[in-house]
Each structure stands twice: as C-alpha cells, then as structure tokens.
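**Student:** Can you look at this prediction? I've put the sequence above it.
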Amino acid sequence: AIEQALRAELEQGTGLALHYQPVFAANDQSMVGAEALLRWTHAELGSVSPLEAVSVAEDCGLIAPLGYWVMRTACRDAAQWKGGKSLRVAVNISARQLGDPQFLERVMDILREEGLPAHLLEIELTETVLMENMEAGAHTLHRLSQLGIHLAIDDFGTGYSSLAYLRQLPMRRLKIDRSFVKDLPGQEHSRAIVTAIVALAHSLGLQVTAEGVETQEQADYLVRQGCDVLQGYVFARPMPAPQFLALQASAS
Ligand code: G
Ligand code: G
Ligand code: MN
Ligand code: NA
C-alpha cells in the first residue's frame, strides 16, 4: 500500500514537500544556509517519516525519482534565497542514490537547469552511506568536490566510523550527531567527544556543525569549543519552504 502511494505521489507530486531548517554561523549568529528535510503527508496514511519513505523507495526501486525530486526541489528553492548568492542548501543522500552511476551527471544537470552555483549545494552522507559505497562512490565524490559541491558527513560518530573516509575523501564538514549534544554541557563523556571531534575536524581543515542544539547553554558551550555552525530547535525548527523564503529575506 505504501509503495503504491509513493508511486502515485511521485507522479502527482501533491503530498511531498521539503521543509528547511536554518543553520547559523557560530561566530556572529548569521544564517548561512538550511538543511532540506523531506516531508510526506498522505491522504490516508497520514504523515510518513522521511526515513521510512526513503527506505520504502530504496526497496521498491523508487529512490531515483524520489531522490532527484528532492535534489531538484532543494536547488530550485535555494536559487531564490538571497538571489542564489550566499545561502547554502544541504541535501541528504541515501546509499542507493550515491550508487547510481548517473548521479554526478544528474546533479550537475539539476544545478544548471535550476541556476544554483555548485558551491551553494552541500551533500550530506552518513558513515553508513559511505561504507556501502567506498569504492564505487569515491570517484563520484571526488568529481563532485572538484566541481565545487561541498560534502559533509552527517550524524558523525554514530555509524561504522572509519577514519579512512576522512583521509581518502574530499569532505568539507563533519556534523556532530545530536546524541553527543543532548547531554551537554553536564556530561563529561559528551564533552570529551565534542572536544575531540572539533580538534580532529579542524586539524584536517574541515568545518564542524553541531546538530540538535536545544538550549542556549548548549549553544554557548559549542561556540566556546570552536564549532563553526549550529543547528537546532533553540534557533529554529524545520519549516515549510515559503516560511523559510520569508525568513531569509528578512535576515540581514
Ligand atoms: O526531519 P526528520 O528529523 O524527520 O528526519 C529524520 C531523518 O530523515 C534524518 O536522519 C534525515 O537525515 C532523514 N532525511 C530527511 N530528509 C531526507 C531526504 O530527503 N533524503 C534522505 N536520504 N534522508 C532524509
Ligand atoms: O540525520 P539528520 O541530521 O539529517 O537529521 C536531521 C533531523 O534532526 C531533522 O529531521 C530535524 O527535524 C531533527 N532536528 C533538528 N534540530 C533538532 C533538535 O534541536 N533536536 C532534535 N531532537 N531534533 C532535531
Ligand atoms: Mn542531515
Ligand atoms: Na545528523
């Protein structure tokens, strides 16, 4: 049932939407971009989580149309923000998507057709996605990076971490998983992990985003620790595209 529903949705495109969660520079709190997050509300099934939608799509061969719908919609929206000049959009990519031999070409076509400069697109990959595509994906990732697209490791520290990724792949950013942020600043082990991730990232020349920042105390702590970008409910929740369009227009 859910498979048929997704198929119909991709043909009609009515129940699918992207929400955008703003991300902020740690130093001056200015908005530097947003992460695109898939939302699917079905007439009978109600709201289906993005993880479930992606997993169904991967199982029934719909991940290509779904993934390219997300990519195109995110690039089209971002081309309007600040006139397509400065705000970067981050898009999550699943394992099967990266494994598509057409991926590079399709992404470059979308950027050109939607008029978004490559450096304003960031692709978020989890450690699991990287692990499943280490050989086939490495070439694609190097080409994407050479063409100016930014690459980030999402949920850093929660997957089958291999520091080999950091040595071999042209990553630009680590996103500290929110499970390490949740108990800050009280919990000693979380503090140690955050300190270590920031040191590792910076010594490799990568930027660090802290995810899941829910309190001002966590934000202050993460700024002091040297995180570059902050994301979380304390600043803003994911919001529908029109609302984000208005927000970025009013931000300096
Ligand atoms: O927004 P929310 O917290 O419901 O997202 C849950 C999870 O779904 C997150 O891990 C997020 O990375 C993932 N997700 C959201 N949108 C997309 C998408 O467009 N593609 C993929 N592959 N994952 C997504
Ligand atoms: O796995 P990924 O990092 O892509 O997941 C992003 C998800 O995290 C989004 O679905 C978003 O709704 C959720 N999220 C964003 N900010 C916060 C936060 O401050 N707290 C919690 N619990 N979830 C958040
Ligand atoms: Mn993400
Ligand atoms: Na994450």
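**Tutor:** Received, thanks. What you are looking at is a predicted structure, and each value in this text was computed from that prediction instead of being measured. Residues are numbered from 1 along each chain as shown. Ligands and ions are numbered 1, 2, ... in the order given.
**Student:** The residue lying closest to residue 147 once chain neighbours are set aside: neighbour count?
**Tutor:** Distances taken as C-beta to C-beta, 6 or more residues apart in numbering place residue 118 nearest to residue 147, at 5.3 Å, with adjacent residues excluded. For glycine as for every other residue, the C-beta is placed from the backbone atoms N, C-alpha and C. The number of residues packed near residue 118 is 16, by other C-beta atoms under 10 Å.
**Student:** Please verify my assumption that residue 118 contacts residue 111.
**Tutor:** Yes - taking contacts as C-beta atoms under 8 Å, residue 118 lies within contact range of residue 111: 5.7 Å.
**Student:** can you list contacts of stretch 63-72?
**Tutor:** If you take C-beta atoms under 8 Å, 6 or more residues apart in numbering as the criterion, stretch 63-72 is touched by 6, 10, 13, 16, 18, 36, 38, 53-54, 57, 91-94, 96-97, 100, 106-107, 110, 113-114.
**Student:** does ligand 3 sit close to stretch 148-165?
**Tutor:** Yes - residues of stretch 148-165 contacting ligand 3 under C-beta under 5 Å from the ion: residue 154.
**Student:** How far off centre is that stretch?
**Tutor:** Distance of stretch 148-165 from the chain centroid (C-alpha atoms, centre = their mean, to the nearest Å) equals 11 Å.
**Student:** Next, the distance between the ends of that stretch.
**Tutor:** Stretch 148-165 has an end-to-end distance of 19 Å (criterion: C-alpha to C-alpha, to the nearest Å).
**Student:** Name the SS class of residue 66, please.
**Tutor:** Under DSSP: H, G, I helix; E, B strand; the rest coil, residue 66 falls in the helix class.
**Student:** What strands flank the helix or strand harbouring residue 151, and is each parallel or antiparallel?
**Tutor:** Per DSSP states H and E: residue 151 is located in strand 150-156. Sheet partners assigned to strand 150-156 using DSSP bridges are listed as strand 121-126 (parallel), strand 173-176 (parallel).
**Student:** next helix or strand past the last one?
**Tutor:** Same thing as strand 173-176. Under the assignment DSSP H and E, the closest C-terminal helix or strand after strand 173-176 is helix 178-181.
**Student:** repeat for the first one
**Tutor:** In the C-terminal direction, the helix or strand that comes right after strand 121-126 (DSSP H and E) is helix 127-132.
**Student:** re earlier: near ligand 1 too, which of the contacts of stretch 63-72?
**Tutor:** Filtering the contacts of stretch 63-72 for neighbours of ligand 1 using C-beta under 6 Å from any ligand atom leaves 38, 54, 92, 93, 94.
**Student:** which of those residues count as buried?
**Tutor:** The neighbour count (16 or more other C-beta atoms under 10 Å) marks 38, 54, 92, 93, 94 as buried among these.
**Student:** Need the max-distance pair from those.
**Tutor:** Greatest spatial distance among these (C-beta to C-beta): 38 and 93, at 11.7 Å.
**Student:** distance between the helix or strand of the chain with the lowest mean pLDDT and the chain's centre?
**Tutor:** Lowest mean confidence among the helices and strands of the chain (mean pLDDT, DSSP states H and E): helix 163-168, at a mean of 86. Distance, stretch centre to chain centre, for helix 163-168: 19 Å (C-alpha atoms, centre = their mean).
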